[in-house]
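S.K.: sharing a model prediction with you, sequence too.
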Number of protein chains: 2
Amino acid sequence: MADLTLEVAQLKQQGVVPCLAVVIVGDDPASHVYLRSKQRRAKKLGIRVLVKALAETATEAAVLKVLAELNQDPKINAILVEMPLPKQINQQHILEAINPAKDVDGFHPINLGQLFAGTPRNIPNTPYGVMKLLAHYQIPLAGKNAVVIGRSVIVGRPMAALLMNQNATVTVAHSYTTNLSALTKQADVLVVAAGKANFIHGDAIKPGATVIDVGMNRTAAGKLVGDVSYQEASQVASAITPVPGGVGPMTITMLMYQIVKLTKGVA
Amino acid sequence: MADLTLEVAQLKQQGVVPCLAVVIVGDDPASHVYLRSKQRRAKKLGIRVLVKALAETATEAAVLKVLAELNQDPKINAILVEMPLPKQINQQHILEAINPAKDVDGFHPINLGQLFAGTPRNIPNTPYGVMKLLAHYQIPLAGKNAVVIGRSVIVGRPMAALLMNQNATVTVAHSYTTNLSALTKQADVLVVAAGKANFIHGDAIKPGATVIDVGMNRTAAGKLVGDVSYQEASQVASAITPVPGGVGPMTITMLMYQIVKLTKGVA
């Protein structure tokens, strides 16, 4: 991963500047914060970012038209659409309209299907970043019990597939799960993407477990916190990711990595 | 499901005869047995089956050419390729070459991705049949612990997605799983697709559980048996599927159901 700057430099010597196109519709403040983080990181690496900003009132047809142009433009290597979209726009229609070969978020059904089938191409960046963290810290996965809390298409489902593809025994828990702490106490690796501050306390964690906190919650006082009570959990777990830090920055790292990968694919 | 004959009759009144194309390459005896079962059931319902048989030595290009013709032929509503394929042919290339809208086995990555994302279109017939059995016998799934043994693309993975989409808490176990009987003893619904005769005994089953046996194993004496020791298991479980019977015939039923569904989609 440290070689990404080098790889971008090598591409430039070949006359290729990796280019990400970001489609952003409307004024969602969090989306604009995320976009700025991506722009900052891209700039540092020498990756171009083309922003296509549409008004909150944009029609689905208008977004599809922008995507059709980006899909065909040979100078665009990677495309992503910031979520959420205004409610007049069907998210599924938009995700399916992105050229799968440029779908750097890995949300197109064909990319999700490849991941699910165990032959991944483009991978959703948040769970991909979690896998890179686990690999970096050499956390064993084969034959281990992994519990993923949350079943979104963005995190929980692809996270479960990635862990299963690495031979973990994976359980996906969610809002209907009745015996959550009994489950989490059996988890050697616990990935929490529940979207609720202080959802997992120390007594729900198996001693020595690896805990990955994907939560990003804003407290009433404006503080950014995860889904896990870090103080308690860090006394039980053998490894734990903090919020902020941890998974968030890794998500952007994997985005940059996949932009370069897609660029090399066509370069 | 009982209305399938009626639906086929109604389509015929509109001048449409549902047609399944089956591509079969080589002489695998089990594939030919499965094909004959499908033909028998289709004939009973008034569904046409067009068989494209290629020699064991057929090239990948030859199979792709046949698929390209079937994909374009408006009289063909559904296409499937019998597996396994001879080893000179890349299975993934073949599955991806089937028009997703005619992919009645649901193995194309875009169909797997839709299922995985919780918005299924075409669904692999074996796990789909299991879901129909569970629904028919009104087995509760929401908030229940479901354990799936096996993670194939044909059964285990889509089975897990279907159960999760029905709000079960799903664990996928496989050859690397270290604590299998501890897991299965917590399963309210246990789906066994391990491919090993007598793999699950009565003492690994939670009293009152629903046990679905997807196994199809031939003993030395030539007897067809499942993965579950039926005699033992049936004394512990509250419901259990037998082998033969149970899941096998349901798989063909769902195939017929999806052929008709695809035919109505274009009729």
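M.R.: Received, thanks.
S.K.: what is the subsequent helix or strand relative to the helix or strand containing A:V8?
M.R.: According to DSSP states H and E, A:V8 maps onto helix A:4-13. Sequence order places strand A:19-25 as the next helix or strand after helix A:4-13, per DSSP H and E.
S.K.: A:N111: what's its closest spatial neighbour, skipping adjacent residues?
M.R.: Nearest residue to A:N111, sequence neighbours excluded (C-beta to C-beta, 6 or more residues apart in numbering or on different chains): A:N122, at 4.6 Å. (Each C-beta comes from the backbone N, C-alpha and C, glycine too.)
S.K.: helix, strand or coil for the one you found?
M.R.: Secondary structure, DSSP: H, G, I helix; E, B strand; the rest coil: A:N122 is coil.
S.K.: verify the contact between it and A:N99 for me.
M.R.: No. If you go by C-beta atoms under 8 Å, A:N122 and A:N99 don't touch, sitting 10.7 Å apart.
S.K.: neighbour count: the two, which is higher?
M.R.: Neighbour tally, A:N122 and A:N99, criterion other C-beta atoms under 10 Å in any protein chain shown: the higher count belongs to A:N122, 25 against 15.
S.K.: quick one, strands of the stretch 51-200 of chain A?
M.R.: For the stretch 51-200 of chain A, strands defined by DSSP state E, counting those that start in this stretch occupy the ranges A:78-81, A:145-149, A:169-173, A:189-192.
S.K.: and the ones you listed as JSON lines, adding distance to A:L20?
M.R.: Below are the strands of the stretch 51-200 of chain A laid out as JSON lines (distance: least, C-beta to C-beta, whole Å):
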{"stretch": "strand A:78-81", "distance to A:L20": "5"}
{"stretch": "strand A:145-149", "distance to A:L20": "28"}
{"stretch": "strand A:169-173", "distance to A:L20": "30"}
{"stretch": "strand A:189-192", "distance to A:L20": "26"}
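S.K.: between these, which one is closest to A:V23.
M.R.: A:V23 lies closest to strand A:78-81 among those, at 4.5 Å (C-beta to C-beta).
S.K.: who touches the closest one?
M.R.: Residues outside strand A:78-81 that contact it (C-beta atoms under 8 Å, 6 or more residues apart in numbering or on different chains) are A:18-25, A:63, A:67, A:70-71, A:94-95, A:98-99, A:102-105, A:255, A:258-259, A:262-263.
S.K.: related to what we said a few turns ago, contact partners for the residue nearest to A:N111?
M.R.: Counting by C-beta under 8 Å, 6+ apart, A:N122 has contacts A:P100, A:D103, A:V104, A:D105, A:G106, A:H108, A:N111, A:Q258, A:L262.
S.K.: try 7 Å
M.R.: By C-beta atoms under 7 Å, 6 or more residues apart in numbering or on different chains, A:N122 lies in contact with A:D103, A:V104, A:G106, A:N111, A:Q258.
S.K.: then A:Q72?
M.R.: Contacts for A:Q72 (C-beta under 7 Å, 6+ apart) come out as none.
S.K.: and the nearest residue to A:L115 once chain neighbours are set aside, how far is that from B:V172?
M.R.: Spatially, and ignoring its direct neighbours in sequence, A:L115 is nearest to A:A161 (5.1 Å; C-beta to C-beta, 6+ apart). Separation of A:A161 from B:V172 (C-beta to C-beta, to the nearest Å): 10 Å.
S.K.: also A:S181?
M.R.: Distance, A:S181 to B:V172, by C-beta to C-beta: 21 Å.
S.K.: more crowded one of these two?
M.R.: In this view A:S181 and B:V172 are compared by other C-beta under 10 Å, and B:V172 has more residues nearby, 28 against 11.
S.K.: beta partners of the more buried one?
M.R.: Residues in a beta bridge with B:V172, per DSSP bridges, are A:V170, B:V148.
S.K.: hang on, it packs against A:V170?
M.R.: Yes. The pair B:V172 / A:V170 is scored as a contact, 5.7 Å apart, by C-beta atoms under 7 Å.
S.K.: any residues in contact with both of these two?
M.R.: A:M164.
S.K.: the contacts of A:N122 in helices, which ones?
M.R.: Judged by DSSP state H, the subset of the contacts of A:N122 located in helices is A:N111, A:Q258.
S.K.: what's the closest of the contacts of A:N122 to chain B?
M.R.: Nearest to chain B out of those is A:N111 (C-beta to the nearest C-beta; 7.0 Å).
S.K.: now for that closest one, how many residues are close by?
M.R.: Counted by other C-beta under 10 Å, the residues lying close to A:N111 total 26.
S.K.: next: A:A58.
M.R.: Counted with other C-beta under 10 Å, the neighbours of A:A58 add up to 19.
S.K.: for it, which non-adjacent residue is spatially closest?
M.R.: A:V25 (5.3 Å).
S.K.: residue contacts, that neighbour?
M.R.: Residues counted as contacts of A:V25 (C-beta under 7 Å, 6+ apart) are A:L54, A:A58, A:V63, A:L85, A:P86, A:I89.
S.K.: equivalent analysis for A:L35, please.
M.R.: Contacts of A:L35 (C-beta under 7 Å, 6+ apart): A:V22, A:I24, A:V51, A:E82.
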